[in-house]
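K.L.:
Turn this into a structure:
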Amino acid sequence: MSRFVLAGDMREESFDWGAVGWRCIPAITGSKHLTVIDVVLSPGGGHDFHRHPDQEEMIIVTAGRIEQWIEREKHALGPGDSVYIDADAVHASFNTGSEDAHLQVVLGPSVGDGGYELVDVSGEEPWAGLRS
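P.N.:
Purely as a prediction, here's the structure:
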């Protein structure tokens, strides 16, 4: 069912690296194909190396600067830049600036009620040593 999603409808979570606002997930909108997340990465923070086995992802930088990794390749991204990530590709996003970095993240299809699946590989090689 189509619906408006107001700021107060979003489920928010805080992490040591930043914050997440769940904008479009099955539990909020009933979406079966899209998961949309507002992400804030704190200065020096980041979403360490991980993968989404069954979900493609698009990350759009709306403010700030990040160091974006896809597998072993990294690229600096700023406002208006974006990255497409294939399902199951290892990736990570780190805020390299002195201000919060704001990202709009879209994943598809939705998985489960939370709309999101994640496998953390940050403690495994080669990912654990890439930024050393």
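
K.L.:
Run through the helices of the protein in chain order.
P.N.:
Using DSSP state H, the helices of the chain run over 26-29.

K.L.:
Out of the helices and strands in it, which is least certain?
P.N.:
None of the helices or strands of the chain scores lower by mean pLDDT, DSSP states H and E than helix 26-29, at a mean of 90.

K.L.:
mind exporting that one as PDB, just the C-alpha atoms?
P.N.:
C-alpha atoms of helix 26-29 as PDB (Å, rounded to 0.1, in the frame of the first residue of the first chain):
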ATOM      1  CA  PRO A  26       8.900  -3.900   5.200                       C
ATOM      2  CA  ALA A  27       8.100  -3.300   8.800                       C
ATOM      3  CA  ILE A  28       7.400   0.400   8.100                       C
ATOM      4  CA  THR A  29       6.100   0.500   4.500                       C
END
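
K.L.:
buried ones in that helix?
P.N.:
Of the residues in helix 26-29, those buried under the neighbour-count criterion (16 or more other C-beta atoms under 10 Å) are 26, 28, 29. Every C-beta, even on glycine, is put in place using the N, C-alpha and C of the backbone.

K.L.:
what separates the residue lying closest to residue 17 once chain neighbours are set aside from residue 38, distance-wise?
P.N.:
In space, not counting the residues next to it along the chain, residue 17 is nearest to residue 45; the distance is 3.5 Å by C-beta to C-beta, 6 or more residues apart in numbering. Using C-beta to C-beta, to the nearest Å, one obtains 15 Å as the distance from residue 45 to residue 38.
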